[in-house]
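**Q** only geometry, no sequence info:
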């Protein structure tokens, strides 16, 4: 199988799956290195496919067209991260990514695509299991999220709840 055929097959797999597919799975499935998969995904993205690389694997963002997005600034501790994410999900939202403004690297973006409490739990467990730090640890808790919801009202409610909990940072 040549590269073009493999990329077509990767795309078909991503279109069928609603859950992320790990790069390790793809590399074993296609009998190529993990780096080849990374390059294939980069080429698919360059061709216009909205493929997100999350901590759980690659996912094709197929339903972004019906979702409204808003970037919000938040600040909290590492221990409050799970509550912050639950607040967004419980009020009808999804967390597309986390963004920090690093003094050396500039804007750093990590795709999350968290839609459920189960995914939040998996995310938190993976942090504990790997002893990895959250990006907010690099910026004294200050970070942004691109959040998605099906209406402006839901986005407003999410912001209101985050503000009530003291997580939302408002800029004057």
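**A** Perfect, I can see it now. On a predicted model such as this, the values are computed, not experimentally measured, just so you know.
**Q** neighbours around residue 126, how many?
**A** 12 (other Cβ atoms under 10 Å). C-beta here means a position set from N, CA and C on the backbone, and glycine is covered the same way.
**Q** Contacts only, for it.
**A** 55, 132 (Cβ atoms under 8 Å, 6 or more residues apart in numbering).
**Q** Regarding it, what is its secondary structure?
**A** The local conformation at residue 126, judged by DSSP: H, G, I helix; E, B strand; the rest coil, is helix.
**Q** Quick check: it vs residue 96, distance?
**A** Distance of residue 126 to residue 96, given as Cβ to Cβ, to the nearest Å: 18 Å.
**Q** and what of residue 119?
**A** For residue 119, the distance to residue 96 - Cβ to Cβ - is 12 Å.
**Q** now do residue 89
**A** Distance from residue 89 to residue 96, by Cβ to Cβ: 12 Å.
**Q** now residue 67
**A** 9 Å.
**Q** And residue 80, by the same measure?
**A** From residue 80 to residue 96 the distance is 20 Å (Cβ to Cβ).
**Q** the more surrounded of residue 89 and residue 96?
**A** Shown here are residue 89 and residue 96; by other Cβ under 10 Å, residue 96 has more neighbours (23 against 19).
**Q** In contact with that one, which residues?
**A** 52, 69, 111-113, 145-148.
**Q** contacting residues around residue 110?
**A** Contacts of residue 110 (Cβ under 8 Å, 6+ apart): 55, 97-99, 135.
**Q** roughly how far apart are it and residue 9?
**A** Per Cβ to Cβ, residue 110 is found 27 Å from residue 9.
**Q** Show residues contacting stretch 18-25.
**A** Contacts of stretch 18-25 (Cβ under 8 Å, 6+ apart): 13-14, 34, 37-38, 41, 54, 56-59, 113.
**Q** could you redo the last one with a cut-off of 7 Å?
**A** With contacts defined as Cβ atoms under 7 Å, 6 or more residues apart in numbering, stretch 18-25 is touched by 13-14, 34, 37-38, 54, 56-59.
**Q** List buried residues within the residues you listed.
**A** Using 16 or more other Cβ atoms under 10 Å as the burial test, those include 13-14, 37, 54, 56-59 as buried.
**Q** where does residue 104 land in three-state SS?
**A** Residue 104 is classified as coil under three-state DSSP.
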